[in-house]
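Novice: sequence and computational prediction follow.
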Amino acid sequence: MATLALKPQKLATAQPKKSRIVLLLLLPGLIYLGLFFITPFAALITTSLQQPVLGGGIGQYQPGLEFGNYAFVVGEYLEQIIRSFIYATVATLLALAFSYPIAYFIGVKARNYPILQGLMLTLVIAPFFISFLLRTFAWKEIFGQDSWVSNLLRDTGLMADNEFLLGTPLVVIFGLTYNFIPFMTLPLYTNLERLDTALLEAGSDLYAKPASTFWKVTFPLSIPGITSGTLLTFIPIAGDYVTASRSFLGSPNTAMLGNVIESNFLRIQDYPSAAALSVMLMAAIVVLVSIYIRRTGTEDLL
Amino acid sequence: MAAEFVARGADLELVGIRKEFPGFVAIEDLDLKIPAGEFFALLGPSGCGKTTTLRLVAGLDSPTKGKILIGNKDVTADKPHERPVNTVFQNYALFPHMSVVENVAFGLKQRKVSDPMPKAVDALKLVELEHLAQRRPQQLSGGQQQRVALARALVNRPSLLLLDEPLGALDLKLRRQMQVELKAIQMEVGLTFLHVTHDQEEAMDMADTVAVMNKGRIEQMGAPEALYERPKTIFVSKFLGQSNLFVGDVAESNADSVSINVAGNKITVPTKRAEKTTGKIVIGVRPEKATFHEDQAPEASSGLNVIGPGKIIDIRFTGVSNQYLIEVPQIGNITVFAQNVGKSPVTELGAKVWVSWKVEHSFGLSDLPVDNGEGK
Amino acid sequence: MSRFSLGKYLLPTYTVLAFVFLMIPIAYTFVFSFNDPFKNTTGWQGFTFDNWTGVCNNIDVCLAFGNSVLIATTATTVSTILGTMLAIAVTRYEFKFRSSTNLLLFLPLATPEVVMGAGLAAQFLNAGIPKGIGTVIVAHILFTLSFVVVTVKARIATLDPKLEEAGRDLYAPPIRVFTKITLPLLLPGIMAASLLAFALSFDDYIITAFNSGTEVTFPKYVFAAAVRGIPPEANVIGSAVFFFAIALVLVFQIGGAMRAKSLAKKN
């Protein structure tokens, strides 16, 4: 009875239409994605199985079924693969720890001050509007050999005279974290903005201390935001090669999967290796995402 | 001024309407005729199919089966914008990106009517809002938005005006005030109004005819007084006001009256006020029609139904009346309203009383309570 | 109110400090746009307005900037149109492969740029298509498309379907319901989507690096220059773009917030 009483009106107002217009709306976009998203994946997979042309020059390959390419890249680049995973995990967790309080402040505390809220949101996404490369370069200069940060560390004895900040895992992870903070803050904000503060009051009314209200009410309710923020941060970090490149904050000792793919594809033109690594990275992400989908349902994603 | 908007309303006729949604039937089989110029209310609880009916008439949904005729013209296949029908939506659905007057002029512009703006301003005058013409809808109060929605619909001089819980979003006081205004406007413009609501007081106050809907069917239809005085089903007797109902087998039946035996009490209803005269039937009475007596039972006569003795288990003071709940052994609880005229019977909880009412105030219903173990 | 004492001082202080931290590289870029370039390209050499008044004295950076604007404008236009159509289709219509379509629209967001870039590059390579501005635009439409869909979908979700019904009820045929009601109400979302698409396209390095061949965009210019040191003219362009974008966003957000506030007051 109760379901019968509630259902009809809702269905009657928000029921999606059936119409042939939908084809007109869908086709151009879907054709585009088919041509430039799906077939490139197929191209990556076939490329990853190519074999060198006998007696051919650099970058010359022919179609094949060389599954050994995968074994080869895993053996050759295991270090970078593991490093990418560790860097991405650590940077994602740091971004989460950094972002959660800000997102909470903007989304919950500043809720009654829409102008302040808008201003702070703008500040969160501000780094998006300065070139990614310029802001990474700024950190490079700040952590540079003769920068005041380096000098300060040397003066206080925290760093030896012959040591550098640039090129260390510490600075690379720092850069990765900084660069992708907005990807974490925004989904968290979107989630916390919808948090019903009456629930917090109910929690404290029911004798929960602020800390336990947070852990028992706020935190569990924000898990969807954490999940999407984590994905949105982890994925681009796992594939980034600017931050960890030698031109910016990294060194050969901090090379990540992205750097390896880039150098194989664009420099030494070992297309099959680059493709095999890309396919593996994508496969790992698909696994990660499908676990996420299973937990939240596709509709939530978009 | 108002003469501008006087249009001749048209009859609305629904023939054998059925509407199915995936998984359930919203309307089973509906036949309905609303004469031109009438203020007609569809009353029912949420989910009874009243809003669906309205959407079918507007053309926003199409029926699974059946025909819709407006002014004898079959409009079943017509799209919403092709029907001479306008709607005042539940939350008004005013376009937030247009000013008030642009909202009102929208329909006129779509139909390429000449001078849409002056006409829209006239419509705003009708609802006394011309001074707010340039505002955005969001800047108006709920009552003002409601009036804009009304003007936006009326300005098109539709044959039929549909009102989907138009007062539902207003607070009680404003709602009662708007009820009066809405009724006045309807009288002034003489349109056919189809009003959907779950508020029985609103329906009774405004409508010429009320149809009570339940589970996709019309249970009863008629003038508000008739519905109240002569409910024909248990649902109507309870949804429209309150009722005391008694179930029993018919003991006597003749051309004048029908009597049932309820736990040793004889309860009688005039035959012309009974839907059923044989077998097990339900007889009811409105709480304000019943009175109670202390000390001794009133003299049982042919013109009086008497039940008792029972005991008062609850007394509530509601302002205009006192409500007594009287528990009668083997029969259950009976509610009695006694008007608060300053000399209400001095009674206290636990007092032993008899309940009586005039036979002519009884009504006999067509259906029996669904036996869900609760009795009564 | 003692239960919110954590929020009272600690949280605002932290937030302010966090914002200061987030602004450091932006401030650095802005400050160094006034750096006097005549001696060395790294480190502070002295204050000058010359870089701002004569950005295009460094012709390479200006050409790169022009390329980026051209690419971002074209890609944004196409992806905004395609993305809006897709967003309307998946939210407002019922069709057979709706959930697979949603998945397909989501996947580009989950694809690392390096994979998308390499995939497209591999396809262009296989098909023998020479890399250039055209291939970059194709790539940028692809990776901004899903962002447009997400943004517009969020806007559609807040749109009351009753408004469109009111339009139909008031004699507007379907096409006019769309142009007079749906589209104007979606416009803020579409604008936000195209702003986002433009920003993403303008700033993209990775996908561009894989698909641009010898064409130089602004990010490519910066990447190449980063080894030695970035010329102050690049900082000028970066800062100018930043202030322009921030101004746009502020107009959007503050405007929206003010409207919300004035409405809250009236009701």
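Specialist: Everything's here; your move.
Novice: which bits of the stretch 151-267 of chain C sit near chain B?
Specialist: Within the stretch 151-267 of chain C, the positions near chain B by Cβ under 8 Å from any Cβ of the partner chain are C:160, C:162-163, C:165-173, C:176, C:180-181, C:184-185, C:262-263, C:266-267. No exception for glycine: its C-beta is placed from N, CA and C like everyone else's.
Novice: give me the distance between the residue nearest to residue B:303 when sequence neighbours are not counted and residue B:275.
Specialist: Spatial nearest neighbour of residue B:303, excluding adjacent residues (Cβ to Cβ, 6 or more residues apart in numbering or on different chains): residue B:359 at 5.5 Å. Residue B:359 sits 16 Å away from residue B:275, taking Cβ to Cβ, to the nearest Å as the criterion.
Novice: where does chain A get nearest to chain C, residue-wise?
Specialist: residue A:239 (2.4 Å; Cβ to the nearest Cβ).
Novice: quick one, what contacts that residue?
Specialist: Counting by Cβ atoms under 8 Å, 6 or more residues apart in numbering or on different chains, residue A:239 touches A:257, A:258, A:281, C:112, C:113, C:114, C:115, C:206.
Novice: list the residues that contact the last one.
Specialist: With contact taken as Cβ under 8 Å, 6+ apart, residue C:206 is in contact with A:239, A:240, A:241, A:242, A:258, A:262, C:113, C:114, C:117.
Novice: regarding the fifth one, what is its secondary structure?
Specialist: Read it as residue A:258. The three-state label given to residue A:258 by DSSP: H, G, I helix; E, B strand; the rest coil is helix.
Novice: same check, this time on the third one
Specialist: For residue A:241, the reduced secondary structure class is coil; criterion used: three-state DSSP.
Novice: what's near enough to touch the spatially closest residue to it that is not a sequence neighbour?
Specialist: Residue nearest to residue A:241 in three dimensions, not counting chain neighbours: residue A:258, with 3.1 Å by Cβ to Cβ, 6+ apart. Residue A:258 makes contact with A:84, A:238, A:239, A:240, A:241, A:244, C:112, C:114, C:206 under the criterion Cβ under 8 Å, 6+ apart.
Novice: tabulate those (TSV), appending distance to residue C:189 and pLDDT.
Specialist: Output for the contacts of residue A:258, formatted as TSV (distance: Cβ to Cβ, whole Å; pLDDT from 0 to 100):
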residue	distance to residue C:189	pLDDT
A:84	35	93
A:238	30	92
A:239	28	90
A:240	29	91
A:241	33	89
A:244	35	92
C:112	27	92
C:114	30	93
C:206	27	94
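Novice: what is the burial count for residue B:249?
Specialist: Neighbour count for residue B:249, taken as other Cβ atoms under 10 Å in any protein chain shown: 11.
Novice: residue B:245 should be in a strand, yeah?
Specialist: Yes - Residue B:245: assigned to a strand according to three-state DSSP.
Novice: strands along the stretch 151-300 of chain B, start to end?
Specialist: With DSSP state E, counting those that start in this stretch as the criterion, the stretch 151-300 of chain B has strands at B:160-164, B:192-197, B:209-214, B:217-222, B:244-253, B:257-262, B:265-270, B:280-285, B:291-294.
Novice: these: which one's closest to residue A:39?
Specialist: Of all the strands of the stretch 151-300 of chain B, it is strand B:160-164 that lies closest to residue A:39, at 49.9 Å by Cβ to Cβ.
Novice: would you mind listing which of the contacts of residue A:239 are buried?
Specialist: A:257, A:258, A:281, C:112, C:113, C:114, C:115, C:206 (16 or more other Cβ atoms under 10 Å in any protein chain shown).
Novice: leaving out chain neighbours, which residue sits closest to the last one?
Specialist: Spatially, and ignoring its direct neighbours in sequence, residue C:206 is nearest to residue C:113 (4.0 Å; Cβ to Cβ, 6+ apart).
Novice: tell me the pLDDT at the residue nearest to residue A:134 when sequence neighbours are not counted?
Specialist: Nearest residue to residue A:134, sequence neighbours excluded (Cβ to Cβ, 6+ apart): residue C:238, at 4.3 Å. We have a pLDDT of 90 for residue C:238.
Novice: count of residues packed around residue C:238?
Specialist: 28.
Novice: sorry, back to before: of the residues of the stretch 151-267 of chain C next to chain B, select the buried ones using a ChimeraX command.
Specialist: Only the buried entries of those go into this ChimeraX selection, using 16+ other Cβ under 10 Å:
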select /C:162,163,165,166,167,168,169,170,171,172,176,180,181,185
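Novice: just the ones of the residues of the stretch 151-267 of chain C next to chain B in strands?
Specialist: Among those, no residue falls in strands (DSSP state E).
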